[in-house]
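[1] got a sequence here, can you build the structure:
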Amino acid sequence: MKPTKIFYTAHATSTGGRSGHTETDDGLVAHDLATPKEMGGPGGATNPEQLFAAGYAACFGSSIEFVARQAKIAIGGVTVKADVGIGPAGSGFGLAVTLTASIAGVDRAAAEELVAHAHEVCPYSNATRGNIDVAVLVED
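    From the prediction side, this is the model:
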């Protein structure tokens, strides 16, 4: 789904692939990268899957807060855990995501409804829909 208006554009540059460095133009994000040991690398530094998991978790949490405000539902704190897996898919590689949300101040049924709606409006969910498996769960 293409946005009708761009509010903000992030700029980042990566050099050296999985064994390199990535940085935003303002320097607020700057990380050396390393392939995880599980994939035959040395580990010891962040990797693209961790960065994607962090971004998706934060964005999904904001989406939950957004849909709660739209529905005029008072909620407490929101915590989202994102698990991003990578593995072989066809001739390349693919990702699988599990998002687990915990929403204070609402019962499980309300939390499940908020999470389902957030999955429809979250830009990360919209970007991945139909491309990778994303499981969305509610944790008490």
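
[2] quick one: the residue nearest in space to the middle of the chain and Lys5, what's the gap?
    Compute the mean C-alpha point of the chain, and by Cα atoms, centre = their mean the closest residue is Tyr56, 1.2 Å away. Here the criterion is Cβ to Cβ, to the nearest Å. By it, Tyr56 lies 22 Å from Lys5. From N, CA and C alone the C-beta is placed, and that goes for glycine too.

[3] again with Glu65
    21 Å.

[4] higher neighbour count, those two?
    Glu65 (16 against 4; other Cβ atoms under 10 Å).

[5] what's near enough to touch the more buried one?
    75, 78 (Cβ atoms under 8 Å, 6 or more residues apart in numbering).

[6] distance check, it against Thr13.
    For Glu65 relative to Thr13 (Cβ to Cβ), the value is 30 Å.

[7] report the buried residues of the longest helix anywhere in the chain.
    The longest helix of the chain (DSSP state H) is helix 48-70. Judged by neighbour count using 16 or more other Cβ atoms under 10 Å, the buried positions of helix 48-70 are 48-49, 51-53, 56-57, 59-65, 67-68.

[8] for stretch 75-82, same thing?
    Neighbour-count burial for stretch 75-82 [16+ other Cβ under 10 Å]: 75, 78, 80, 82.

[9] got those residues as a markdown table, with pLDDT and secondary structure columns?
    Output for the buried residues of stretch 75-82, formatted as a markdown table (pLDDT from 0 to 100; DSSP: H, G, I helix; E, B strand; the rest coil):
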| residue | pLDDT | secondary structure |
| --- | --- | --- |
| Ile75 | 97 | coil |
| Val78 | 98 | strand |
| Val80 | 98 | strand |
| Ala82 | 98 | strand |
